[in-house]
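S.K.: A predicted structure for the sequence below; I have some questions about it.
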Amino acid sequence: MDLRNLLRRTAMQRPAVLAVALPGATDIRLAVEAEVRRRGWPVAGAPAAADLMVVCGVPEPREAEWLDDIERSMPDPAVRIVVEETGHAVHALEMARRDLTERAVTPREAEVDDQQGAAAGEPGGRAQGEHQGHGDDQGHGAHHGSSPPPAPDDQGHPHRSMGHGHGGPAAHPGHEGHENHHPDDHAAHLDHTEHEGHFAHIDHMGHDMHAMGDVAGLPMAERADDRDELRLDQLHVPIGPGLTDWPTGLVLRLTLQGDVVQDVEVDHLPVPRGHRLPFWDEPWLRAAQGEEVTSGSAVRRRCAAHLDSVARLLAVVGWDDVAARCRRLRDELLSGAPRAGIGGDLRGVLRRVRRSRTLRWSIAGLGELSSARAGEAGVTGPALTADGDAYDRLRMWLDEVERGLEVLDAEQPLTPDDLTGPRGRLDGAQPPSQALLDILPELLTGAEFACARIIVASLDPDLDELALAPVSGAAHV
């Protein structure tokens, strides 16, 4: 074995993992993340940095194309696996590691042909050692740093709009509150958005973007009046569903002028119905069905859900080390760790997040949502009681986690009329996350593009809830 193959084999012992979750597979995602962390494998933030893509859940046929786009953006040797059950994660990851190791030292047929061609002096040969991207069957692979080709609208991408664009092109209040934000405030987040173009949901969003023609397959910008009645370039940018630290299955189609969001359309992947209860709401829904559920188990699920949301928000703003600690504590809560064993570390994380002036300064003022407006929109839960911006919603999650720590091991049964899940009331006219999705366009319109992901993460809607039928219970006043 030569030195290059030895290095490849060694590198593939700890492959960089990109986990892509599908709606209805939250428990599978958590199992995969926990096993990846146990093995000490790095987590990739973009396909270009990934060796292994793990699809959590069973993909629908219509989802094959955007998953293929992600895989084509990964460098060789690239492996994609599907984990369909929580108990399959350990075996699937081990088999993927072995497959990656074998591929790393076994040249692909196309690579061998290129090397032979180069040695023979043929014009089409590639120099030995040059990186070749993971291509399609025709050999037109995407290089390590290139974007996947855009997918046409009629190939199974979701087009069932749930949200509506808010705000006309001439008046978009809310942007004035951000003029004091220095461009460096969100440098880490801007870096996210640059890489996320590799695996954003690529389509033409139903808009006629061919009036000015395409360049290299990418649509030219249109012209439209902005909020100051100036005629500026207007660009349509889709985000999701395959982003890291992004609500599972969510697709946003943004209309941008400069770096300002002018219009938003909310969409999502199909949510399976009747398959299983939404993971984060399961204790309350089981109690409503008459099952015996302890209040301590419900508190654990709530605290774990909030830590999952906190970890996403912190990862989006670039605080990866604390986000990783939140995910570890989340998994310990779900595994039944006693309060005595987890309390000290958990309080330390909460204290660190609360004391960070830099964190508060970087997200304060984003996504302002008063309790009055939230109530009118049907929002319940932490987003309602926070009565403020992204930082206030973060603080509300932290407060609920700290309160829950005191009753973590409570044994009394959960009452059937207690139907307040992590994101709000489960007995309302619509699921809590539906209200969060409906309010998103209003919060994003007028915001800077670099702040859009922070606003979304501060709400963190759970699309699994969209499969819920109305739950009977005590009326909430």
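M.R.: Received, thanks. Numbering: from 1, shown residues only.

S.K.: lowest-pLDDT helix or strand in the protein?
M.R.: helix 187-196 (a mean of 41; mean pLDDT, DSSP states H and E).

S.K.: Just give the number of residues close to residue 450.
M.R.: By the criterion of other CB atoms under 10 Å, residue 450 has 20 neighbours. For glycine as for every other residue, the C-beta is placed from the backbone atoms N, C-alpha and C.

S.K.: Over to residue 406?
M.R.: Neighbours around residue 406, by other CB under 10 Å: 11.

S.K.: got it, and the one 4 residues further on?
M.R.: Burial of residue 410 is recorded as 16 neighbouring residues (other CB under 10 Å).

S.K.: Grab the nearest non-local neighbour of it.
M.R.: residue 296 (4.0 Å; CB to CB, 6 or more residues apart in numbering).

S.K.: Return the residues in contact with the one you found.
M.R.: Residue 296 makes contacts with 407, 408, 409, 410, 411, as judged by CB atoms under 8 Å, 6 or more residues apart in numbering.

S.K.: Surely the second one is in contact with residue 339?
M.R.: Yes. Between residue 408 and residue 339 there is a contact at 4.4 Å, judged by CB atoms under 8 Å.

S.K.: Among the contacts of residue 296, which pair sits farthest apart?
M.R.: Using CB to CB, the pair of the contacts of residue 296 lying farthest apart is 408 and 411, separated by 11.0 Å.

S.K.: Which of these two has more residues huddled nearby?
M.R.: Between residue 408 and residue 411, residue 408 has the larger neighbour count (other CB under 10 Å), namely 21 against 8.

S.K.: pLDDT wise, what is that one at?
M.R.: If you check residue 408, the pLDDT there is 91.

S.K.: how about it, secondary structure?
M.R.: coil (DSSP: H, G, I helix; E, B strand; the rest coil).

S.K.: For residue 382, see how far away it is.
M.R.: 19 Å (CB to CB, to the nearest Å).

S.K.: With residue 59 instead?
M.R.: Counting by CB to CB, the gap from residue 59 to residue 382 is 31 Å.

S.K.: The two: which has the busier surroundings?
M.R.: Counted by other CB under 10 Å, residue 59 and residue 382 do not tie: residue 382 has more neighbours, with 24 against 17.

S.K.: what about the more buried one, distance to residue 302?
M.R.: 10 Å.

S.K.: between the two, what contacts are shared?
M.R.: With CB under 8 Å, 6+ apart as the test, residue 382 and residue 302 both reach 400, 422.

S.K.: Is residue 389 in contact with residue 370, as I believe?
M.R.: No. Between residue 389 and residue 370 there is no contact under CB under 8 Å: 10.0 Å.

S.K.: ok, those two, which is more surrounded?
M.R.: Comparing residue 389 with residue 370 by other CB under 10 Å, the one with more neighbours is residue 389, at 22 against 13.

S.K.: Report the contact partners of that one.
M.R.: 363, 364, 365, 366, 367, 368, 369, 458.

S.K.: Sticking with the closest residue to residue 299 other than its chain neighbours, tell me its helix or strand.
M.R.: Nearest non-adjacent residue to residue 299, counting by CB to CB, 6+ apart: residue 404, 4.4 Å away. Assessed by DSSP states H and E, residue 404 sits inside helix 390-405.

S.K.: Excluding chain neighbours, what is closest to residue 338?
M.R.: residue 409 (6.6 Å).

S.K.: Next one: that neighbour from residue 334, what distance?
M.R.: 14 Å.

S.K.: you'd agree residue 375 is up against residue 385?
M.R.: No. In this structure residue 375 lies outside contact range of residue 385 using CB under 8 Å: 10.5 Å.

S.K.: The two: which has the busier surroundings?
M.R.: Taking neighbours as other CB under 10 Å, residue 375 and residue 385 compare with residue 385 leading, 17 against 12.

S.K.: The helix or strand hosting that one - what's its average pLDDT?
M.R.: Using DSSP H and E, residue 385 sits in helix 382-386. For helix 382-386, the mean per-residue pLDDT is 97.

S.K.: Packing partners of it?
M.R.: For helix 382-386, the elements it packs on are helix 371-376, helix 390-405, strand 424-425, judged by 3 or more CB pairs under 8 Å, 6 or more residues apart in numbering; DSSP states H and E.

S.K.: Give me the distance from the biggest helix by length in the chain to the chain's centre.
M.R.: For the chain, the longest helix by residue count, based on DSSP state H, is helix 295-316. The chain centre lies 15 Å from the centre of helix 295-316; the measure is CA atoms, centre = their mean, to the nearest Å.
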